[in-house]
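**Q** Would you be able to build a 3D model of this:
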Amino acid sequence: MTFNKFLPLLAALLVTTLVHADINVGVTVSATGPAASLGIPEKNTIALMPASIGGQKINYIVLDDASDTTAAVTNTRKLISEYKVDVILGSTITPASLAMIDVIAEAQTPMISMAASARIVEPQDAKKRWVFKTPQNDIMMSLAIAAHMANSGIKSVGFIGFSDAYGEGWYQEFSKIAAIKNIQIVANERFNRTDTSVTGQVLKIIAAKPDAVLIAGSGTPAVLPQRALKERGYGGQFYQTHGVANNDFLRVGGKDVDGTYLPSGPVLVAAQLPASHPLKKSAQEYVAKYEKAYGAGSVSTFGGHAWDAGKLMEAAVGVALKKAKPGSLEFRIALRDALESVKEVAGAHGVFNMSATDHLGLDQRARVMVKIENGGWKYQP
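**A** Numbers count the residues shown, from 1 in each chain. Coordinates of the predicted model:
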């Protein structure tokens, strides 16, 4: 066979290879560092995701950003340049996710964040059109807390949050709702995720004599202010955010966090939900798969955010495969467009309905109030 006669055969082989190209999914999570209690269940959940979608093999490339913003950006660049990923899942925390956006937009690669702040996807612009997320917005959870406070007769609140985008985002959103509910914020303090003492901040809060304290932190570092306040004799009501909804927080906090209220995704108390709850079935599906792999009682809401990212990806890939081949810009664009058109996708935390102006797509079905009672989570109807 001459070389010219071989060319059509070579071309056909290349087309076949492209059609059956694997889909590469890049993942960066905070599996170590201050946010490890959030990132580890997310990393564990990746192993439960489908090995193929629409007949296409899925390769998951999982990197650890160690809860560090610079590392998250480095991982993102590596996943795009070296592994040629079609989509990125991550990161775990808000500062890292925000830092990744420029890289994502430049490479025109869709990203599904597992961090909470609304600023990750709002306001929509040329860069954030490539970014989606699965955790509930701070405003949704702030409303749940403020409503509970108002119903409990709380008139004044001391606020202490992380000194980063997570804490600031929570303060901005909660302060709006608190004003509507006639709740006065009498103290506004910050602390770092790696701090070992918050004595100065605690003394200021106690001096303000609030009826309740809201701690806007995530993972085990959020125990520190609550423990310090209790040691100083503060006897008011404690509230935490959905950033602490995992068993490591209960383990580290012990009796110091008993009696605390927080908003959460339904997955945290899936077994306690009434049969009529719209998320009971899909939340229990995730719980069953996770606990089968990692043991009874091991599930957390953070793994649920990763599971929901996988559900969104799965729905979008099925649509995008009809329009383009994996490994191409056309496929990444088709994936982005498909994510933006997701409708009625039920996950562990909520039912997702995306649009061009809403890259979260959750409604009030995605939240419940929970009380920490005797070292466990108790659903509050």
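
**Q** what residues are up against residue 330?
**A** 323, 324 (Cβ atoms under 8 Å, 6 or more residues apart in numbering). (C-beta placed from N, C-alpha, C; glycine too.)

**Q** go again using 10 Å as the cut-off
**A** Residues in contact with residue 330, defined by Cβ atoms under 10 Å, 6 or more residues apart in numbering, are 320, 323, 324.

**Q** Select the longest helix from this protein.
**A** The longest helix of the chain (DSSP state H) is helix 301-320.

**Q** hang on, the earlier thing: most neighbours, which of the contacts of residue 330?
**A** Neighbour counts for the contacts of residue 330 (other Cβ atoms under 10 Å) peak at residue 320, which has 28 neighbours.

**Q** returning to that earlier point: roughly how far is the helix or strand that the longest helix of the chain is followed by from the heart of the chain?
**A** For helix 301-320, the succeeding helix or strand toward the C-terminus, using DSSP states H and E, is helix 329-340. The chain centroid and the centroid of helix 329-340 are separated by 21 Å under Cα atoms, centre = their mean, to the nearest Å.

**Q** what helices or strands is the next helix or strand after helix 329-340 leaning on?
**A** Scanning forward in sequence from helix 329-340 by DSSP H and E, the next helix or strand is strand 345-346. Using 3 or more Cβ pairs under 10 Å, 6 or more residues apart in numbering; DSSP states H and E, the elements in contact with strand 345-346 are helix 280-294, helix 301-320, strand 351-352.

**Q** ok now strand 345-346, how far from the chain's centre?
**A** For strand 345-346, the distance to the chain centre is 16 Å (Cα atoms, centre = their mean).

**Q** Also stretch 190-197?
**A** Counting by Cα atoms, centre = their mean, stretch 190-197 is centred 21 Å from the centre of its parent chain.

**Q** Alpha carbons of it, as PDB, please.
**A** Output in PDB follows, covering the C-alpha atoms of stretch 190-197 (Å, rounded to 0.1, in the frame of the first residue of the first chain):
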ATOM      1  CA  ARG A 190     -12.900  38.300  62.700                       C
ATOM      2  CA  PHE A 191     -10.400  35.500  63.200                       C
ATOM      3  CA  ASN A 192      -8.100  33.500  60.900                       C
ATOM      4  CA  ARG A 193      -8.600  29.800  60.000                       C
ATOM      5  CA  THR A 194      -5.200  29.000  61.600                       C
ATOM      6  CA  ASP A 195      -5.600  31.000  64.800                       C
ATOM      7  CA  THR A 196      -5.100  29.300  68.100                       C
ATOM      8  CA  SER A 197      -6.500  32.100  70.300                       C
END
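
**Q** In that stretch, which of the residues would be classed as buried?
**A** Neighbour counts over stretch 190-197 (16 or more other Cβ atoms under 10 Å) mark 190, 191, 193 as buried.

**Q** how about the helices in the stretch 1-150 of the chain?
**A** Here the stretch 1-150 of the chain has its helices, by DSSP state H, counting those that start in this stretch, at 3-19, 36-46, 69-81, 94-107, 138-151.

**Q** among these, where is the model least confident on average?
**A** Ranked by mean pLDDT, the helices of the stretch 1-150 of the chain bottom out at helix 3-19, with a mean of 46.

**Q** neighbours around the nearest residue to residue 153 once chain neighbours are set aside, how many?
**A** Nearest non-adjacent residue to residue 153, counting by Cβ to Cβ, 6 or more residues apart in numbering: residue 211, 7.8 Å away. Residues lying near residue 211 (other Cβ under 10 Å) number 17.

**Q** Give me the phi and psi angles of residue 211.
**A** The phi and psi values for residue 211, taken as degrees, to the nearest 10, are phi -70, psi -30.

**Q** I'd like to know how far the most centrally placed residue in the chain sits from residue 349.
**A** Against the mean C-alpha coordinate of the chain, by Cα atoms, centre = their mean, the closest residue is residue 114 at 3.0 Å. Using Cβ to Cβ, to the nearest Å, residue 114 is found at 11 Å from residue 349.

**Q** coming back round to it: could you provide the helices of the stretch 1-150 of the chain in CSV, with additional columns for distance to residue 297?
**A** Shown next, in CSV, are the helices of the stretch 1-150 of the chain (distance: least, Cβ to Cβ, whole Å):
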stretch, distance to residue 297
helix 3-19, 44
helix 36-46, 12
helix 69-81, 30
helix 94-107, 27
helix 138-151, 24
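
**Q** Which one of those lies nearest to residue 316?
**A** Nearest of the helices of the stretch 1-150 of the chain to residue 316, taken as Cβ to Cβ: helix 94-107 at 15.4 Å.
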